[in-house]
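S.K.: give me a model of this one.
(chains A and B)
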Amino acid sequence: MADVIVERLTKSHDRTSFDCGVEELNDFLKTKARKHADQNVSVTWVAVERGENKILGFITATLGTISFDEAPPTVTKGLPKYPLPVVHIGRLATDFQFQGRGVASLLLRKIAEETIDISNRIGCLGMELVATNEQAYQYYLRRGFIVLSEKNLRLFMPVSVLKTVDHRAKRP
Amino acid sequence: MQTTDVQARVDLRIPEGLKTEIEAAATIAGVSLTKFFTDAALEHAREVRRLHANTSLDNEERDAFMRLLANPPEASPELAKLMQTKVQL
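M.R.: All right, here's what the predicted structure looks like:
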């Protein structure tokens, strides 16, 4: 049994054999993910067996914002009026051969931990994503994601909640 | 996105050469120019919206979001489990 670990996508990973069943996601991994990381637009993390280069799944994150169509009334208790910072999960996909084994959860865990670290170092309210289909939507709801906007399946997880279940060893 | 039976008109002004090129492709694909345009634009529109990292909330969503930040829920057991995920193959 080999541990599955999450690491940053590099050119040594095998991007060509990845197939999650969605052409657009496969294509993103093959042609854009590394370019976007090189350009510092977003970072793609991949799940691999330790020491192997076969990509089992990937997740792409960048910074996002939450803003309001209309400035909130005074109820906001001191929250600034400018757009509020969040970690945005742009893509999450698992190779169809490895679905149902916790790969997506492992990738989400990684970004959740990054979100906690970013909030401690720079400040951000949580992580946010758009579910691409009903199955994914239900998956996130079951894990406690909260609906930000029903009309486009946009979901949110407050970093304050993540911090209560952070199981990493305390860092110096 | 929900669609309704109510029809709306879209007028586009594009160079003739482009129109000819697109029409030729629509003919090859065996669909009308309208369907060809709509499918291509819709796919792109959905992609842009999905990837957009900036969320804008209407007033109702904004108020719910503010309530959430003020009173975050307890972490669900599923979330606690997710944060301990280990995978072996």
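
S.K.: for chain A, which residue gets nearest to chain B?
M.R.: Residue nearest to chain B within chain A (C-beta to the nearest C-beta): A:Gly64, separated by 3.4 Å. C-beta coordinates here come from the backbone N, C-alpha and C atoms, glycine included.

S.K.: please, where are all the helices along chain B?
M.R.: Using DSSP state H, the helices of chain B run over B:16-29, B:33-51, B:59-70, B:77-82.

S.K.: JSON lines for these, including distance to A:Asp95 and mean pLDDT?
M.R.: Shown next, in JSON lines, are those (distance: least, C-beta to C-beta, whole Å; pLDDT from 0 to 100):
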{"stretch": "helix B:16-29", "distance to A:Asp95": "30", "mean pLDDT": "94"}
{"stretch": "helix B:33-51", "distance to A:Asp95": "21", "mean pLDDT": "82"}
{"stretch": "helix B:59-70", "distance to A:Asp95": "34", "mean pLDDT": "91"}
{"stretch": "helix B:77-82", "distance to A:Asp95": "20", "mean pLDDT": "95"}
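
S.K.: by contact count, what packs against the helix or strand hosting A:Leu162?
M.R.: Using DSSP states H and E, A:Leu162 falls within helix A:159-163. Helices and strands touching helix A:159-163, as assessed by 3 or more C-beta pairs under 8 Å, 6 or more residues apart in numbering or on different chains; DSSP states H and E, comprise helix A:103-121, strand A:126-130.

S.K.: three-state assignment of A:Ser12?
M.R.: Assigned by DSSP: H, G, I helix; E, B strand; the rest coil, the conformation of A:Ser12 is coil.

S.K.: count of neighbours near it?
M.R.: Per other C-beta atoms under 10 Å in any protein chain shown, the neighbour tally for A:Ser12 reads 7.

S.K.: check the one 3 residues further on too.
M.R.: Around A:Arg15 there are 19 other residues, counting by other C-beta under 10 Å.

S.K.: okay, it: pLDDT?
M.R.: On pLDDT, A:Arg15 comes in at 95.

S.K.: rewinding a little: list the buried residues in the helix holding A:Leu162.
M.R.: A:Val159, A:Ser160, A:Val161, A:Leu162 (16 or more other C-beta atoms under 10 Å in any protein chain shown).

S.K.: now do stretch A:98-113
M.R.: Buried, per 16+ other C-beta under 10 Å, within stretch A:98-113: A:98, A:101-113.

S.K.: possible to save these as JSON lines with pLDDT and distance to B:Asn71?
M.R.: Shown next, in JSON lines, are the buried residues of stretch A:98-113 (pLDDT from 0 to 100; distance: C-beta to C-beta, whole Å):
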{"residue": "A:Phe98", "pLDDT": "96", "distance to B:Asn71": "38"}
{"residue": "A:Arg101", "pLDDT": "95", "distance to B:Asn71": "35"}
{"residue": "A:Gly102", "pLDDT": "95", "distance to B:Asn71": "31"}
{"residue": "A:Val103", "pLDDT": "97", "distance to B:Asn71": "33"}
{"residue": "A:Ala104", "pLDDT": "95", "distance to B:Asn71": "29"}
{"residue": "A:Ser105", "pLDDT": "95", "distance to B:Asn71": "26"}
{"residue": "A:Leu106", "pLDDT": "97", "distance to B:Asn71": "30"}
{"residue": "A:Leu107", "pLDDT": "98", "distance to B:Asn71": "29"}
{"residue": "A:Leu108", "pLDDT": "97", "distance to B:Asn71": "24"}
{"residue": "A:Arg109", "pLDDT": "97", "distance to B:Asn71": "25"}
{"residue": "A:Lys110", "pLDDT": "98", "distance to B:Asn71": "28"}
{"residue": "A:Ile111", "pLDDT": "98", "distance to B:Asn71": "24"}
{"residue": "A:Ala112", "pLDDT": "98", "distance to B:Asn71": "20"}
{"residue": "A:Glu113", "pLDDT": "98", "distance to B:Asn71": "24"}
